[in-house]
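In: Sequence and predicted structure are below.
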Amino acid sequence: MAFLSTPPFASTAYPAKFSHHSLDSPVFTPRFSVLGLGFRSISHGVVVRNSNQAEPLVDSTQIADVPLLSCLEAIERLKTSQENQKSKQQYLAMYSSIFGGITTDKAAMVIPMDDHMVHRGHGVFDTAAIMDGYLYELDQHLDRFLRSASMAKINPPFDRESIRGILIQTVSASKCRKGSLRYWLSAGPGDFQLSPSGCQQSALYAIVIQDLSPFDQKGIKVVTSSVPIKTPQFATMKSVNYLPNVLSKMEAEENGSYAAIWLDDDGFIAEGPNMNVAFVTKEKELVMPHFDKILSGCTAKRVLALAEGLMREGKLQGIRVGNLSVEEGKKADEMMLIGSGVLVRPVLQWDEHVIGDGKEGPVTLSLLNLILDDMKSGPPTVRVPVPY
């Protein structure tokens, strides 16, 4: 494809020769940041990890003499750092429009530090699951991705079909058959100013993440979030500005829970930090909050469509999208979280209130099975094959 040719930034992505440069040398530029790998610094062989704690992790004497590294030395240290990481997830391939191609070298999965997505949060993203060598709901996620980009005033570097082709090729190169594809559109690299006017071109990035762990159907606990919910303008856009989501998730974990539930400005149930929420009332009605003030969940919408089968079977008496109070939610027979990461996860307790009989509900488990079946054998409208 023509759009995979050498990009305009390729000549400056790496220096032609590896050498030491002084900090005031014009060759030395803080160009790179790592996607999804965490931040570390190394001093005299001591690895210093980031932490939620406010206290410093090491004594100042340990970082008094910071080494000046060549590009090669920095990459070697990055590889060492990555090798020491233990995670269920493996990053198998990355596409970057800055490189103009795909890499399977984890140490090369980097983005420019002066990309406005890094230092200003000017970027959007989305995720599609990979199941048995198929991309699940790729087109639905891609449509939302481009809507978010429009809301963020980011003009994509390629048209929709080119982006779609790049994403499929990236998964193909990864050989991943189970995991997820996460992709970003940013205002692009350029400078450290507030305005993106200095950015020459928007940037597209994608990473394939292998995750072989099974989907968990065990019930969980949630709490009510004290972190303010995003305004509708930002809540309905899937941007990289996820600090409220992160703080909400941390609040839940600090209280021994899986997630924290947001309420809207009118006190109605809204959503979780990265998933939708739904309920089964005592009248066997599946109820989900409106999408006008929260993110329009692709998995949530698919659940609503699949739930119609449960109505035909008599397991549900109705399906409704509308406002739901906290009192109504806590009185429901079943509560569930819905998203591409959790699929359909039963909630057994909200704050101190036990939901239903305190067990995983039959409708919730039925919806989880329907989604799993849909991922494995659903129609072509939701399953895009990947050529390996």
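Out: Great, that's in hand. Numbering: from 1, shown residues only.
In: residue boundaries of the strands in the stretch 151-300 of the chain?
Out: Ranges of strands in the stretch 151-300 of the chain, per DSSP state E, counting those that start in this stretch, are 178-186, 203-211, 220-224, 259-261, 276-280, 285-288.
In: Mind giving me the packing neighbours of the fifth one?
Out: Going back to what we said before, that points to strand 276-280. Identification of packing neighbours for strand 276-280 by 3 or more Cβ pairs under 8 Å, 6 or more residues apart in numbering; DSSP states H and E yields strand 285-288, helix 298-312, helix 326-331, strand 334-339. Where you see a C-beta, it was placed from the backbone N, CA and C, and this is true even at glycine.
In: Could you save these as JSON lines and add columns showing mean neighbour count?
Out: Conversion of the helices and strands packed on strand 276-280 to JSON lines gives the following (neighbours: other Cβ atoms under 10 Å):
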{"stretch": "strand 285-288", "mean neighbour count": "22"}
{"stretch": "helix 298-312", "mean neighbour count": "18"}
{"stretch": "helix 326-331", "mean neighbour count": "16"}
{"stretch": "strand 334-339", "mean neighbour count": "26"}
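In: So Leu69 sits against Ile75, correct?
Out: No: under the criterion of Cβ atoms under 8 Å, Leu69 makes no contact with Ile75, lying 9.1 Å away.
In: out of the two, which sits in the more crowded spot?
Out: Between Leu69 and Ile75, Ile75 has the larger neighbour count (other Cβ atoms under 10 Å), namely 18 against 15.
In: low pLDDT regions in the chain?
Out: 1-63 (pLDDT under 70).
In: What are the boundaries of the helices in it?
Out: 10-13, 71-83, 116-119, 138-151, 160-174, 232-235, 243-254, 298-312, 326-331, 362-377 (DSSP state H).
In: Of all the strands of the stretch 151-300 of the chain, which one is nearest Leu372?
Out: With Cβ to Cβ, the closest approach to Leu372 among these belongs to strand 178-186: 12.0 Å.
In: how much does the closest one deviate in direction from helix 362-377?
Out: Per axes from the mean of the first three to the mean of the last three Cα atoms, to 10 degrees, the angle that strand 178-186 makes with helix 362-377 is 80 degrees.
In: Strand 178-186: which residues count as buried?
Out: Using 16 or more other Cβ atoms under 10 Å as the test for burial, strand 178-186 gives Gly179, Ser180, Leu181, Arg182, Tyr183, Trp184, Leu185, Ser186.
In: Tell me which of the helices of the chain is the most buried.
Out: For the helices of the chain, average neighbour numbers computed from mean count of other Cβ atoms under 10 Å are highest in helix 116-119, which has a mean of 22.
In: Show me what that helix is packed up against.
Out: Using 3+ Cβ pairs under 8 Å, 6+ apart as the contact criterion, the elements in contact with helix 116-119 are strand 110-112, strand 178-186.
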